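*Asks:* Here is my input, please return the structure:
(chains A and B)
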Amino acid sequence: MSNRLDNLKRENILGAFITPGDIDIEKTEEYILSMIEGGADFIELGIPFSDPIAEDATIQEFYIKALQNKVNTDTIFECVKRLRKDTEIPVVIITNANPVFSYGIDKFFENCSISGVDAIIMPDVPYEEVDEFKGAADKNGVYIIMAVAPTDEARIEKIVKDAKGFVYATALAENTAEDMEKLIRTVKSKKDIPVITKDENFKCDGLILSNEIVKLIDRGMETKAISRFVKSYK
Amino acid sequence: MKKGRFGIHGGQYVPEILMKAVNELEEAYNKYKDDPDFNCELKELLDNYAGRPSLLYYAEKMTKDLGGAKIYLKREDLNHTGSHKLNNVLGQVLLAKKMGKRRVIAETGAGQHGVATATAAALMNMECEIFMGKVDCERQALNVYRMQLLGAKVHAVESGTQTLKDAVNETMREWTNRISDTHYVLGSVMGPHPFPTIVRDFQSVISKEAREQILEKEGKLPTAVMACVGGGSNAMGMFYNFIGDEGVRLIGCEAAGRGIDTKEHAATIAKGKLGIFHGMKSYFCQNEYGQIDEVYSISAGLDYPGIGPEHASLYDSKRAEYVPVTDTEAVDAFEYLSRTEGIIPAIESSHAVAHAIKIAPTMSKDDIIIICLSGRGDKDVAAIARYRGVNLYE
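*Replies:* Residues are numbered from 1 along each chain as shown, chains lettered A, B, ... in the order given. Okay, here's the model as predicted:
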C-alpha cells in the first residue's frame, strides 16, 4: 500500500498545522490550499479535542471554538475527502487518543483511508500504548507518527524501529539545544527517517508551523497573506 | 498483562516527553515502597503530624434516628488539614524528596488536595505551585488564601470549564516544562500509571485501620463500607483492604448534581462510557465523538468527568457498586450530620452520608455500615448557606 508520506522530501521539510477554530470548514480548505501554495510539504490537520493536554492553551481555545461551531471527526474526514479532489499533499491528522478510541478504532482508520488521510499523530499515545491502534492503522495503510524525546538510547531505538513517515522530536521546556542535537543524532543512528519538530531552534530535517498559522487566521489574515507567511519559512 | 492495568483500565496515555518522569517515578516507588526506613519516616509523619490513626466513631444518635444498620464514621476529617488528602500527599512528597526533587506541583478541585500539598511542601522545604480552576478558586476562596498562607503559589486556571479537569490539564502542561526538579503530586487514584497505584497504596491506610478498628469494636466485619467518589481516592482507600472480604459491600457515591437525567451531573459510572483521558483508560462523561463533557456538582471535589481505573475495574467485576447522589440529597445530609452528631462533613463526604441515610433504615440492627468521612465541612459552610438563600460571604 502506498502512502503519500513515502514521497516526502528528506530535508527542509515544512509542515503546516491548521484546525478550523472560528472559521468554517470550507474556508479551512481554502486556507489549506493557500498553505500548499506557500510551499507546505504536508498538512497537519487537527481534529478538535476538548482537553488537549499535550497542546498549549492557545490550541485548546481553537479546538473549543471549532467544537462550538459543530466541527467533529466526520466533518474533518469530509474536509479531507474534498481536498483530495485538488491536491495529493500528505495529510497528517493530529488529535488525542479519545476521539479515535470513542469513534471506534477500526472505523476511524478505515475512514482515514477512505477520505485520504495518510498518517496520524496522537500525542497522548506513547510507545507503551500504541499497539491498540497499530493493527487497524496498518490494515488501512495509515502511518502512526511516533514522538521521541530526550530519554535514553534504548528507548529511542525501540520507538524508531517501526516508525514510518517521519519522527516527531519533542522537548520539555527545560531541554537544551544540545539535548535535542543528541536526540536527533541518536534517531539518525538507528534509522534513516526524517526528523521533524515544531521548535525553530532545533536543527533537523523539518519544521511544523504549529500554532502560528491558526493565530494569524484568528486575527483575520487572508489566504494570500497566509501563503506568503508559509513561503517565508522556505 | 500490560503495566499499570486494572482489568482493561489504566495504562500510561501520556506524551512521550512525560514518559521519563513516569518511569522514574515508578522506579523510585518500587524502590521505596517496601523500604523499612522510608516506611518508618512515613509512619512518623502520619502518626505525629497528620494525627493517625483516625478515629472510627460510632454514630449512635444517627443509628437510633435511622433505626436500621449500626453506623460508624471513619473520621478522616480529623486529619491535619481536614481531609484524607494528607495521607497521600505526605507519602508522595516524602518520595519526591528521596528522588531529589525540590519542587512540587498539584491540581486541586475543592482545594483540599492543594492545601494538603502546600502543607507538606512547607513542612519538607519544597517549592509548591498549585493549579486550581478559576470557578473553584471563587467557590473555595478560603482554601486559596490558606494555600498562599502556607507559602504556595496558586494559579487560577482559565482554560476550558475552569474546574478540576482543567486544573489537571494545566498541571500536566506545567509538568512538561520541568521534570528534572519537579514532582507532580497527583491527588487522586487517577492519571497515568503509576499514580493510581501509588495514591491507592498511600490511602489504603484508611481501610487498614478501619478493618482493625471494627473487628476490635464489633468482633465482625461491616456489611458495607461507603465513600464519595470523584476521582475516587478516599473511596479506594476505604475499599482496598476490604476487597478480599467478599461479604463486605463496597459502595461508591457519585455526584449526580441536579440529577442524572439532566446534563448537570458528574456521575461517571451511571452516565459515562469507556474512553482514554488524563493518562488512563476508564469511564468518562463524554459525547459521541469522545469530547469530554462539562460536568457539574455542588461539590468542587467531585466535579470531575472521570473516575480512577481501579474503580472502573471494580465496577466491571461487580465487586463494588456505584450510586448517584444529588446536590439536594448531599446538602440535606450535610445539615443532618451537623445537627445529629455535631459533625460538619465536607460536602463531598456528605454524598456518602446521604446514601447511608437512604439505605440504613432498610437494613437490620445486626448490619454495620462504615462511612468514610473524608473531610470536614468548614470550607463549605458559606456555599451551603448561599444554597439555602442566606446571603453569607467569606
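*Asks:* Could you tell me which residues of chain B lie near chain A?
*Replies:* B:2-3, B:11-17, B:19-20, B:159-160, B:165-166, B:168-170, B:172-173, B:176-180, B:273-279, B:284, B:286, B:288-292 (C-beta under 8 Å from any C-beta of the partner chain). C-beta coordinates here come from the backbone N, C-alpha and C atoms, glycine included.
*Asks:* Let me know whether residue A:30 touches residue A:224 as I believe.
*Replies:* No - here residue A:30 does not reach residue A:224: they are 10.5 Å apart, not a contact under C-beta atoms under 8 Å.
*Asks:* Quick check: neighbours shared by these two?
*Replies:* Common contacts of residue A:30 and residue A:224 (C-beta atoms under 8 Å, 6 or more residues apart in numbering or on different chains): none found.
*Asks:* Those two: which has the busier surroundings?
*Replies:* residue A:30 (14 against 11; other C-beta atoms under 10 Å in any protein chain shown).
*Asks:* Nearest to chain A: which residue in chain B?
*Replies:* residue B:290 (3.1 Å; C-beta to the nearest C-beta).
*Asks:* hang on, the earlier thing: which of the residues of chain B next to chain A are buried?
*Replies:* Burial by neighbour count, judged by 16 or more other C-beta atoms under 10 Å in any protein chain shown, picks out B:11-17, B:19-20, B:159-160, B:165-166, B:168-170, B:172-173, B:176, B:179, B:274-279, B:284, B:286, B:289-292 from the residues of chain B next to chain A.
*Asks:* Just the ones of these in helices?
*Replies:* Members of those lying in helices (criterion: DSSP state H): B:16-17, B:19-20, B:165-166, B:168-170, B:172-173.
*Asks:* Tell me the one among the residues you listed nearest to residue B:130.
*Replies:* residue B:170 (10.4 Å; C-beta to C-beta).
*Asks:* The closest one touches residue B:106, doesn't it?
*Replies:* No - judged on C-beta under 8 Å, residue B:170 makes no contact with residue B:106 at a distance of 10.9 Å.
*Asks:* Pull up the overlap in contacts between the two.
*Replies:* Contacts common to residue B:170 and residue B:106, judged by C-beta under 8 Å, 6+ apart, are residue B:131.
*Asks:* Test for you: state the pLDDT assigned to residue 176.
*Replies:* I went with chain A, as the question did not name one. The predicted structure scores residue A:176 at 91 on the pLDDT scale.
*Asks:* Correction: the question concerned chain B.
*Replies:* Reported pLDDT for residue B:176: 90.
*Asks:* do the one 5 residues further on as well
*Replies:* Residue B:181 is assigned a pLDDT of 96 by the prediction.
*Asks:* Excluding chain neighbours, what is closest to residue A:204?
*Replies:* Spatial nearest neighbour of residue A:204, chain neighbours left out: residue A:195 (4.3 Å); criterion: C-beta to C-beta, 6 or more residues apart in numbering or on different chains.
*Asks:* Please name the bridge partners of the one you found.
*Replies:* residue A:167 (DSSP bridges).
*Asks:* wait, what's in contact with the spatially most central residue of chain A?
*Replies:* The centroid of chain A falls nearest to residue A:44 when counting by C-alpha atoms, centre = their mean (3.7 Å). For residue A:44, the contact set (C-beta under 8 Å, 6+ apart) comprises A:15-18, A:92-94, A:121, A:208.
*Asks:* how about 6 Å then?
*Replies:* Contacts for residue A:44 (C-beta atoms under 6 Å, 6 or more residues apart in numbering or on different chains) come out as A:15, A:17, A:92, A:94, A:208.
*Asks:* what does chain A put close to chain B?
*Replies:* A:50-51, A:53-54, A:57, A:60, A:72-73, A:97-99, A:101-102, A:123-124, A:126, A:128-129, A:147, A:149, A:151, A:170, A:172-174 (C-beta under 6 Å from any C-beta of the partner chain).
*Asks:* Would you show me how to pick out the buried ones of these in PyMOL?
*Replies:* Remark: buried members of the residues of chain A next to chain B, expressed as a PyMOL selection using 16+ other C-beta under 10 Å:
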select buried, chain A and resi 50+51+53+54+60+72+73+97+98+99+101+102+123+124+126+128+129+147+149+151+170+172
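*Asks:* As TSV, the ones in helices among the buried ones among the residues of chain B next to chain A with pLDDT would be great.
*Replies:* Formatted as TSV, those follow (pLDDT from 0 to 100):
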residue	pLDDT
B:16	97
B:17	95
B:19	96
B:20	95
B:165	92
B:166	94
B:168	95
B:169	94
B:170	95
B:172	94
B:173	92
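*Asks:* how about TSV for those, with distance to residue A:180 added?
*Replies:* Formatted as TSV, these follow (distance: C-beta to C-beta, whole Å):
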residue	distance to residue A:180
B:16	13
B:17	12
B:19	17
B:20	14
B:165	32
B:166	30
B:168	28
B:169	25
B:170	25
B:172	22
B:173	20
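*Asks:* Work out which residue lies at the spatial centre of chain B.
*Replies:* Note: chain B centre (C-alpha atoms, centre = their mean) maps to residue B:233, 3.6 Å.
*Asks:* Isn't that residue up against residue B:203?
*Replies:* Yes - using C-beta atoms under 6 Å, residue B:233 makes contact with residue B:203 at a distance of 5.3 Å.
*Asks:* Report the contact partners of the residue of chain B closest to chain A.
*Replies:* Residue B:290 sits next to A:98-99, A:102 when contact means C-beta under 6 Å, 6+ apart.
*Asks:* again, only this time at 7 Å
*Replies:* Residues near residue B:290 by C-beta atoms under 7 Å, 6 or more residues apart in numbering or on different chains: A:98-99, A:101-103, B:275.
*Asks:* For those, work out which two are farthest apart.
*Replies:* A:103 and B:275 (10.9 Å).
*Asks:* hmm, back to that, state whether the residue nearest to the centre of chain A is indeed within a helix.
*Replies:* No - using DSSP: H, G, I helix; E, B strand; the rest coil, the secondary structure at residue A:44 is strand, not a helix.
*Asks:* Which ones among the residues of chain A next to chain B lie within strands?
*Replies:* Among those, the members falling in strands (DSSP state E) are residue A:147.
*Asks:* Can you flag which of the residues of chain A next to chain B belong to helices?
*Replies:* Per DSSP H, the residues of chain A next to chain B map to helices at A:57, A:60, A:73, A:97-99, A:101-102.
*Asks:* Kindly present those as a markdown table, with separate columns for pLDDT.
*Replies:* Shown next, in a markdown table, are those (pLDDT from 0 to 100):
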| residue | pLDDT |
| --- | --- |
| A:57 | 84 |
| A:60 | 91 |
| A:73 | 97 |
| A:97 | 98 |
| A:98 | 98 |
| A:99 | 98 |
| A:101 | 98 |
| A:102 | 98 |
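*Asks:* With just CA atoms, put the host helix or strand of residue B:250 into PDB.
*Replies:* In this structure, residue B:250 sits in strand B:249-257 according to DSSP states H and E. What follows is strand B:249-257, C-alpha atoms only, in PDB (Å, rounded to 0.1, in the frame of the first residue of the first chain):
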ATOM      1  CA  ARG B 249     -20.300  -4.400  50.200                       C
ATOM      2  CA  LEU B 250     -18.300  -1.600  48.700                       C
ATOM      3  CA  ILE B 251     -20.400   1.400  47.700                       C
ATOM      4  CA  GLY B 252     -19.100   4.500  45.900                       C
ATOM      5  CA  CYS B 253     -21.300   7.600  45.900                       C
ATOM      6  CA  GLU B 254     -21.100   9.700  42.700                       C
ATOM      7  CA  ALA B 255     -22.200  13.300  42.300                       C
ATOM      8  CA  ALA B 256     -25.500  13.400  40.500                       C
ATOM      9  CA  GLY B 257     -25.700  17.200  40.700                       C
END
